[in-house]
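K.L.:
Provided below are the primary sequence and the corresponding predicted coordinates.
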Amino acid sequence: MSSSLKVREPVRRRWVKAAGLALLSVLLLLAAVLGAQAVRDVPEVRSFMQTYPGHSSLPANAPVGLPVWLGWQHFFNAFFILLIIRSGWQVRTERRPAAYWTRRNSGIFRTKSAPLRVSIMLWLHLSLDFLWILNGIVFIVLLVVTGQWMRVVPLGWDVFPNAVSVGIQYLSLNWPTDNGWVNYNSLQLLSYSATIFVAAPLAIATGLRMSSAWPQRARRINAAFPLAMARAVHFPVMLWFAGFTILHVTLVLATGALRNLNHMYASQDNTTWLGFWIFAGSLVVMIAAWFAATPLVLRSVAALTGTVSR
């Protein structure tokens, strides 16, 4: 067998495997939709959905509406997560980095040990992580100060049966009538809470454990939190963020795009085009950043903070 055939054969197998997984996913989704539609007609299920329509009650002092700062947070979170996933995937798959970056060992950054040399793409990934964490700290502080935390933290056990009810409604294609300006449905609430308070801390902790900033000589901490565990958790967390983003954007556009985008980006409860155009502008910025994140551009930016070598 020629070398070209040897190369093409694994590629062909990967495409066949991917096509098989895609077909299986479609069939499972179709079966879930048909099952949910059949279950909705069961009298006990109808009674359950009447008791739990899909929303948990909020405290009387819970804020109504979405503030302007949350619109900016939507943009910054989407921007950083998109590029973090892109750079993380490149770090995971690259074989020969296009360039390397070394921190300058001078001034307040001077240390006794020589700075480690990392690939230019890992430098981008870590830099974006740092900015995303800063943005997350601002987000958490504003959540607490403004009382918006009451809208994204489950406050009662009824959130779980309400989430089941919403799940049946979504799967049966008889989608619930939501008003995110006032209250998220329970499935949204659980997914937002899991992303903010579980997935984000896991991404930070496992990413820090895998970085050179982690104290390598801390034997007890390293034994309790081994590197292999961090690597095993970090990638699935990235998949969670990717899946959450895709599903979130899909539902925003499919359940009243103009009103939802006005909620998210314009802080208005109406159906004008303002939120859409802000969202469109943010997409242009993210697409431009995606294509600009090349070794040629990154070398120039990274040189401002360290030494770049090929």
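P.N.:
That came in fine, so what should we check first? This is a predicted model, so every value here is computed, not measured.

K.L.:
Could you name the helices and strands sitting against the host helix or strand of Thr102?
P.N.:
Under the criterion of DSSP states H and E, Thr102 resides in strand 100-103. Packing contacts for strand 100-103, counted by 3 or more Cβ pairs under 8 Å, 6 or more residues apart in numbering; DSSP states H and E, involve strand 117-119, helix 120-146, strand 306-309. Glycine gets a C-beta too; all of them are placed from N, C-alpha and C.

K.L.:
gap between Ala288 and Ser282?
P.N.:
11 Å (Cβ to Cβ, to the nearest Å).

K.L.:
re earlier: quick one: closest of the helices and strands packed on strand 100-103 to Leu28.
P.N.:
helix 120-146 (32.8 Å; Cβ to Cβ).

K.L.:
Give me the phi and psi angles of Phe48.
P.N.:
Torsion angles at Phe48 (phi, psi; degrees, to the nearest 10) stand at phi -60, psi -40.

K.L.:
Just give the number of residues close to it.
P.N.:
If you count neighbours by other Cβ atoms under 10 Å, Phe48 ends up with 15.

K.L.:
show me the contacts for it.
P.N.:
Shown in contact with Phe48 (Cβ atoms under 8 Å, 6 or more residues apart in numbering): 161, 165.

K.L.:
Show me the shaky parts of the stretch 51-200 of the chain.
P.N.:
Low-confidence segments of the stretch 51-200 of the chain (pLDDT under 70): 105-115.

K.L.:
So which residues of it form helices?
P.N.:
68-93, 120-146, 159-171, 186-194, 200-210 (DSSP state H, counting those that start in this stretch).

K.L.:
Now do the buried residues in the first one.
P.N.:
To tie it back to what came earlier, the one meant is helix 68-93. 70-88, 90-91 (16 or more other Cβ atoms under 10 Å).

K.L.:
Report the central residue of this protein.
P.N.:
A centroid search over the chain (Cα atoms, centre = their mean) returns Phe241, at 2.8 Å, as the residue closest to the centre.

K.L.:
Now do it against Ser267, distance only.
P.N.:
Phe241 is 24 Å from Ser267, by Cβ to Cβ.

K.L.:
now do Trp214
P.N.:
Distance from Trp214 to Ser267, by Cβ to Cβ: 40 Å.

K.L.:
Columns distance to Trp175 and mean neighbour count on top of the helices and strands packed on strand 100-103, output as TSV?
P.N.:
Formatted as TSV, the helices and strands packed on strand 100-103 follow (distance: least, Cβ to Cβ, whole Å; neighbours: other Cβ atoms under 10 Å):
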stretch	distance to Trp175	mean neighbour count
strand 117-119	45	18
helix 120-146	27	17
strand 306-309	50	16
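
K.L.:
Just send those back as CSV, with distance to Val182 too.
P.N.:
Output for the helices and strands packed on strand 100-103, formatted as CSV (distance: least, Cβ to Cβ, whole Å):
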stretch, distance to Val182
strand 117-119, 47
helix 120-146, 16
strand 306-309, 49
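
K.L.:
Can you say which of these is nearest to Val39?
P.N.:
It is, among these and with distance given as Cβ to Cβ, helix 120-146, at 35.9 Å.

K.L.:
tell me which strands and helices the closest one is in contact with?
P.N.:
helix 68-93, strand 100-103, helix 200-210, helix 295-302.
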